[in-house]
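Student: Below is the structure, and that's it, no one-letter string:
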């Protein structure tokens, strides 16, 4: 896997582009009936507001089940088990079936919004925009946000709407502010999601927050890698079950680690644990299994991605030497063929 012209990053980019095209435009090819059949199958931010999508992210049916099934079932107190537990179970069933095999690779390889952010970051490198890393103390302050969004917007507010104590707009509260709702629909030529509904205070507030997040993501992604991914509730949902999956990031203890730090520099999420820890601690809650840390680790077999007992990809000296000639750990392309790889890159 480390010989010839194989480059994991290029393979991942190819998968991302194919997934982006299929998820954004697949509905127009497969038809909306087939799109509904595929609905909930991929735990990635393929927006339900995109009329051409071939898949909906699991967050929209989760919110709808809590809104229309759970809350209303509690109010009615009739058929509680079948109207609440069964639909919610099936909503998560698709998620678990695929997640148990691929784990958080959906974030790093398939999610359309994640792909758009990476493309914007590449544009920023081409435009020579200043690169901004998040230091460990800032990462520690940012990480709780995704959990608050998961508990508050994905779960609590839709449930409160079903109970009749929150406005109707909060029935899919996260989708009301999710930047994927605007960015992916714009990619299909639909601009209606840019409009802010001013029919009520809740709709206006959600619309304003959505517009702010879209602007933040587009601008920040030029200088900061994966800005929205860091606070995405889908990442939090993945993190809850990451220990149960067959696919995982593995880092073995090595006496030369904690010295170069290239793996953290290469990580799109600036995860310090991949540099400073090993074992299960190295596979942090923010990891998207993109594999860049393994690509840029200069030591043989220290970092790897495994599915069960099988090694999908692992770090190697030869691969690192070839990779560093093409692209720096921060994603900046190496333009001069005479540039030599350095351990402190």
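Tutor: Yes, it's here. As the structure is a computational prediction, the values presented were derived from the model and not from experiment. Residues are numbered from 1 along each chain as shown.
Student: CA atoms for contacts and neighbours, from now on please.
Tutor: Will do.
Student: What segments of the stretch 101-250 of the chain are strands?
Tutor: Along the stretch 101-250 of the chain, the stretches classed as strands by DSSP state E, counting those that start in this stretch are 247-251.
Student: Do you have the helices of it handy? List them.
Tutor: With DSSP state H, counting those that start in this stretch applied, the stretch 101-250 of the chain shows helices at 105, 112-126, 136-149, 157-162, 173-177, 180-187, 201-220, 233-240, listed in chain order.
Student: buried stuff in the last one?
Tutor: Of the residues in helix 233-240, those scored as buried under the neighbour-count criterion (16 or more other CA atoms under 10 Å) are 233, 234, 235, 236, 237, 238, 239.
Student: Could you find the closest non-adjacent residue to residue 271?
Tutor: Beyond its immediate neighbours in the sequence, the residue positioned closest to residue 271 (CA to CA, 6 or more residues apart in numbering) is residue 264, lying 5.8 Å away.
Student: Surely that neighbour forms part of a helix?
Tutor: Yes: the assignment for residue 264 by DSSP: H, G, I helix; E, B strand; the rest coil puts it in a helix.
Student: chain center to stretch 138-154, what's the gap?
Tutor: On the basis of CA atoms, centre = their mean, to the nearest Å, the separation between the geometric centre of stretch 138-154 and that of its chain is 14 Å.
Student: Stretch 148-165 too?
Tutor: If you compare the mean C-alpha spot of stretch 148-165 with that of the full chain, they lie 22 Å apart, counting by CA atoms, centre = their mean.
Student: Quick one: end-to-end length of that stretch, please.
Tutor: 20 Å (CA to CA, to the nearest Å).
Student: do the same with stretch 149-163
Tutor: End-to-end distance (CA to CA), stretch 149-163: 20 Å.
Student: Run through who's touching it.
Tutor: Under the criterion CA atoms under 8 Å, 6 or more residues apart in numbering, residues 59, 62-64, 66-72, 74-75, 166-168, 170-174, 231-234, 236-237 lie in contact with stretch 149-163.
Student: repeat for stretch 327-336
Tutor: So stretch 327-336 is contacted by 122, 125-126, 262-263, 265-267, 296, 324-326, 345 (CA under 8 Å, 6+ apart).
Student: if you set the cut-off to 6 Å instead, what comes out?
Tutor: Contacting residues not belonging to stretch 327-336 are listed as 125, 265, 266, 326 [CA atoms under 6 Å, 6 or more residues apart in numbering].
Student: now the third one: how far from residue 292?
Tutor: Which is residue 266. Using CA to CA, we find residue 266 at a distance of 6 Å from residue 292.
Student: for the first one, same thing?
Tutor: Residue 125 is 17 Å from residue 292, where distance means CA to CA.
Student: Specify which residue of those two has the higher count of neighbours.
Tutor: Set side by side, residue 125 and residue 292 show unequal neighbour counts under other CA atoms under 10 Å, the larger going to residue 292 at 23 against 18.
Student: ok, longest helix in this protein?
Tutor: Of all the segments of type helix in the chain, defined by DSSP state H, the longest one is helix 8-30.
Student: Centre of the chain to it, how far?
Tutor: Between the centre of helix 8-30 and the centre of its host chain there is 14 Å, according to CA atoms, centre = their mean.
Student: Which elements pack onto that helix?
Tutor: Taking 3 or more CA pairs under 6 Å, 6 or more residues apart in numbering; DSSP states H and E as contact, there are no helices or strands that helix 8-30 lies on.
Student: So which bits of it are buried?
Tutor: By neighbour count on 16+ other CA under 10 Å, the buried set for helix 8-30 is 8, 12-13, 16-17, 19-20, 22-27.
Student: Turn those into CSV, including distance to residue 196 and pLDDT.
Tutor: Output for the buried residues of helix 8-30, formatted as CSV (distance: CA to CA, whole Å; pLDDT from 0 to 100):
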residue, distance to residue 196, pLDDT
8, 41, 89
12, 35, 90
13, 33, 90
16, 30, 89
17, 30, 88
19, 29, 81
20, 26, 82
22, 28, 76
23, 25, 76
24, 22, 76
25, 24, 75
26, 27, 68
27, 25, 66
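Student: Which single one of those residues is nearest to residue 187?
Tutor: Nearest to residue 187, judged by CA to CA, of those is residue 24 at 7.6 Å.
Student: what does stretch 207-215 rub up against?
Tutor: Outside stretch 207-215, the residues that touch it by CA under 6 Å, 6+ apart are 177, 179, 196.
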